[in-house]
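# need a structure here:
(one chain, ligands or ions: 2)
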Amino acid sequence: MKPIKVGLFGLGTVGTGVVRILERHREDLESQVGSPLLIDKILVRDTAKERSVRVAADLLTDNPRDILDDPDIDIVVEVMGGTDSARSYILEALARGKQVVTANKDLMALHGPEILAKASESGCDVLYEASVAGGIPILRTIVDGFSSDRIRRIMGIVNGTTNYILTKMSEDGASYASALREAQELGYAEADPRSDVEGMDAAYKMAILATLGFRTRVSMRDIDVQGISRVTAEDILYGKRLGYEMKLLGIAECQDGLVSVSVQPTMVKKSHPLASVKGVFNAVYVYGEAVGETMFYGPGAGELPTATSVVSDLVAVAKNLRLGVSGRKAFHPYRETRRKSDEQITSKYFLLLHVDDRAGVLANIARVFSDCDVSLESVLQQPNEHNPNAEIIIITHDASKASIRRVLDEFQKLDVVKQVRSVYRVEG
Ligand code: NAP
Ligand code: HSE
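Ligands and ions are numbered 1, 2, ... in the order given. Here you go, the predicted structure:
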């Protein structure tokens, strides 16, 4: 059979994995597709750089025209990252009738509608399974597996780097900086790791999950994002003492057509399955109206796990090409997006306060909560020999985001409250 020719944009962590899987599983892949999958050209920045995988020197190029202008290249696989060049190469590839596979969540979260519209116009496929949760086939599961249900809630540990850092801090007492360095060395982190630790990478993934899951367009401006760079060892320790693990959690909810999506460090009850997701592993918890609770778990980053998803997209696209049905199964959000207000977003909260250690202080604090209509589940005073103030940890019952904000505003006016050290959402 005539080979299907592939142009690869990028030969870094993921691109290397793609080359390895195409080599190692060549026969299986050929049997599934019905034609060999052949890498014809690989775009890199530096063709002279030493590579950890062997590729013929004439495959490498630093000129994107070698791929875009070659009419024999049927499919492009974009694993170079970034949004500027990647966007223009993909749009041009689609305009020229090439099928596209990408692992680029930034690109799909920011420019997904434009890219998918161009794909529809050109009758081409664009698949992006690896963009969310690396090796977990979660996008297909949400689009196809849940097509018969209505998804109400998606909660995800969707960033391997931050989960690796929080696990190392919680279990080994590692510092934030050393855990981040290790994650970078292992190839999990983005080129600019601020995207990981400040929660943007997770937010891109939650935008994609919520768009597909709720069949409505969720863009980055719909998402409240907070990263882990201000989480302290003390927060993690106090959380553990009370039976919680700290996780960077993406939470997307859809109720009566109203959507809320956020990413924030969250105290997850140890009995919840998301609390036991450690290291670079990811998990996506999906609650469907009919099916109830489900959870999908696996490696969220790294060379081979991510490449597994990329190559499975490549197989799907290649099969469609052979069957002549490219571009027929495009996903289009069909519901109007309406956001929940802060009065409608509710959860439990964990607060760590430093307060004056004298009579009547707790009563003052309790009055603020009561005036703001927030009910308390537990209150704990922690002795701390290094702190002359009393440390109070409060877990609330379900409260709206707006009422917690009112509580924090009131604390600013109360001189017995020296510092609101931390505020976290609580789940499970
Ligand atoms: P990476 O290791 O930094 O590799 C990027 C590759 O693209 C390199 O080969 C680089 O060339 C090439 N490249 C970058 N910009 C280029 C440009 N403007 N022109 C030509 N070549 C360019 O990145 P990665 O970790 O493999 O990630 C790739 C994509 O997959 C990103 O979108 C990322 O978010 C996504 N992703 C990564 C993971 C993961 O575990 N790493 C998991 C899921 C998704 P040189 O080699 O010459 O520098
Ligand atoms: N930097 C990302 C992570 C790579 O740590 O999860 C996978 O998307």
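# Which positions in the stretch 101-250 of the chain make contact with ligand 2?
Taking C-beta under 6 Å from any ligand atom, the part of the stretch 101-250 of the chain that reaches ligand 2 is made up of Gly134, Asn159, Gly160, Thr161, Tyr188, Ala189, Glu190, Asp196, Asp201. In short, each C-beta sits where N, CA and C put it, glycine included.
# Please give me every residue in contact with the closest residue to the fourth one other than its chain neighbours.
Same thing as Thr161. Excluding the flanking residues, the one nearest Thr161 by C-beta to C-beta, 6 or more residues apart in numbering is Asp196, at 3.9 Å. Contacts for Asp196 (C-beta atoms under 8 Å, 6 or more residues apart in numbering) come out as Asn159, Thr161, Thr162, Ala183, Ala189, Glu190, Ala202, Gly227.
# Look at Asp196 and report its pLDDT.
If you check Asp196, the pLDDT there is 96.
# How about Glu303?
Glu303 is given a pLDDT of 95.
# Three-state assignment for the closest residue in space to it that isn't next to it in sequence, please.
Nearest residue to Glu303, sequence neighbours excluded (C-beta to C-beta, 6+ apart): Gly17, at 3.8 Å. Recorded secondary structure, Gly17: helix (DSSP: H, G, I helix; E, B strand; the rest coil).
# quick one: Gly17 from Leu323, how far?
Using C-beta to C-beta, to the nearest Å, Gly17 is found at 27 Å from Leu323.
# Between these two, which is the more surrounded one?
Ranked by neighbour count (other C-beta atoms under 10 Å), Gly17 and Leu323 place Gly17 first, with 25 against 10.
# quick one: that one and Ala307 touch, right?
Yes: shown here, Gly17 and Ala307 form a contact pair, counting by C-beta atoms under 8 Å, at 2.8 Å.
# Scan this structure for its longest helix.
Looking across the chain with DSSP state H, the single longest helix is helix 303-323.
# Provide a list of residues in contact with whatever residue of the chain ends up closest to ligand 1.
Closest approach between the chain and ligand 1, counting by C-beta to the nearest ligand atom: Gly12, at 1.7 Å. When contacts are counted by C-beta under 8 Å, 6+ apart, Gly12 touches Val79, Met80, Gly81.
# residue ranges of the helices in the stretch 101-250 of the chain, please?
Along the stretch 101-250 of the chain, the stretches classed as helices by DSSP state H, counting those that start in this stretch are 105-122, 138-140, 160-172, 176-185, 194-197, 200-214, 233-241.
# for the stretch 301-428 of the chain, same thing?
303-323, 361-371, 401-413.
# so can I have TSV of those helices showing distance to Lys5?
Below are these laid out as TSV (distance: least, C-beta to C-beta, whole Å):
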stretch	distance to Lys5
helix 303-323	10
helix 361-371	65
helix 401-413	51
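# and among those helices, the most buried is which?
Burial of those is given as mean neighbour count (mean count of other C-beta atoms under 10 Å); helix 303-323 ranks first at a mean of 22.
# for it, packing partners?
Identification of packing neighbours for helix 303-323 by 3 or more C-beta pairs under 8 Å, 6 or more residues apart in numbering; DSSP states H and E yields strand 4-9, helix 13-24, helix 26-33, strand 37-43, strand 75-78, strand 99-102, strand 126-127.
# Using a markdown table, lay out the ones you listed together with mean pLDDT and distance to Asp66.
Output for the helices and strands packed on helix 303-323, formatted as a markdown table (pLDDT from 0 to 100; distance: least, C-beta to C-beta, whole Å):
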| stretch | mean pLDDT | distance to Asp66 |
| --- | --- | --- |
| strand 4-9 | 98 | 8 |
| helix 13-24 | 98 | 16 |
| helix 26-33 | 97 | 23 |
| strand 37-43 | 98 | 5 |
| strand 75-78 | 98 | 12 |
| strand 99-102 | 98 | 17 |
| strand 126-127 | 98 | 21 |
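# what pairs with the residue nearest to Gln419 when sequence neighbours are not counted across the strands?
Excluding the flanking residues, the one nearest Gln419 by C-beta to C-beta, 6+ apart is His354, at 4.3 Å. For His354, the beta-bridge partners are Glu391, Gln419 (DSSP bridges).
# Gly292 now?
Gly288.
# Next one: it relative to Ala57, how far apart?
For Gly292, the distance to Ala57 - C-beta to C-beta - is 54 Å.
# circling back: any chance of the helices of the stretch 301-428 of the chain in TSV, plus distance to ligand 1?
Formatted as TSV, the helices of the stretch 301-428 of the chain follow (distance: least, C-beta to the nearest ligand atom, whole Å):
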stretch	distance to ligand 1
helix 303-323	4
helix 361-371	42
helix 401-413	30
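# Of all those helices, which one is nearest ligand 2?
The nearest among the helices of the stretch 301-428 of the chain, by C-beta to the nearest ligand atom, is helix 303-323 at 6.6 Å.
# That closest one vs ligand 2: in contact?
No: in terms of C-beta under 6 Å from any ligand atom, no part of helix 303-323 sits within range of ligand 2; the closest distance is 6.6 Å.
# Output that helix as PDB - backbone C-alpha positions only.
Coordinates of each C-alpha in helix 303-323 appear next as PDB, following Å, rounded to 0.1, in the frame of the first residue of the first chain:
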ATOM      1  CA  GLU A 303       7.700  11.300  26.300                       C
ATOM      2  CA  LEU A 304       6.000   8.000  25.600                       C
ATOM      3  CA  PRO A 305       2.700   8.500  27.400                       C
ATOM      4  CA  THR A 306       2.000  11.700  25.500                       C
ATOM      5  CA  ALA A 307       3.200  10.200  22.300                       C
ATOM      6  CA  THR A 308       0.800   7.300  22.700                       C
ATOM      7  CA  SER A 309      -2.100   9.800  22.500                       C
ATOM      8  CA  VAL A 310      -0.500  11.600  19.600                       C
ATOM      9  CA  VAL A 311       0.000   8.400  17.600                       C
ATOM     10  CA  SER A 312      -3.500   7.200  18.300                       C
ATOM     11  CA  ASP A 313      -4.800  10.400  16.900                       C
ATOM     12  CA  LEU A 314      -2.500   9.900  13.900                       C
ATOM     13  CA  VAL A 315      -4.000   6.400  13.400                       C
ATOM     14  CA  ALA A 316      -7.600   7.800  13.600                       C
ATOM     15  CA  VAL A 317      -6.800  10.600  11.100                       C
ATOM     16  CA  ALA A 318      -5.000   8.200   8.800                       C
ATOM     17  CA  LYS A 319      -7.900   5.700   8.800                       C
ATOM     18  CA  ASN A 320     -10.400   8.600   8.000                       C
ATOM     19  CA  LEU A 321      -8.100   9.600   5.100                       C
ATOM     20  CA  ARG A 322      -8.100   6.100   3.700                       C
ATOM     21  CA  LEU A 323     -11.900   5.800   4.100                       C
END
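# tilt between it and helix 26-33?
Put simply, helix 303-323 runs at 40 degrees to helix 26-33, going by axes from the mean of the first three to the mean of the last three C-alpha atoms, to 10 degrees.
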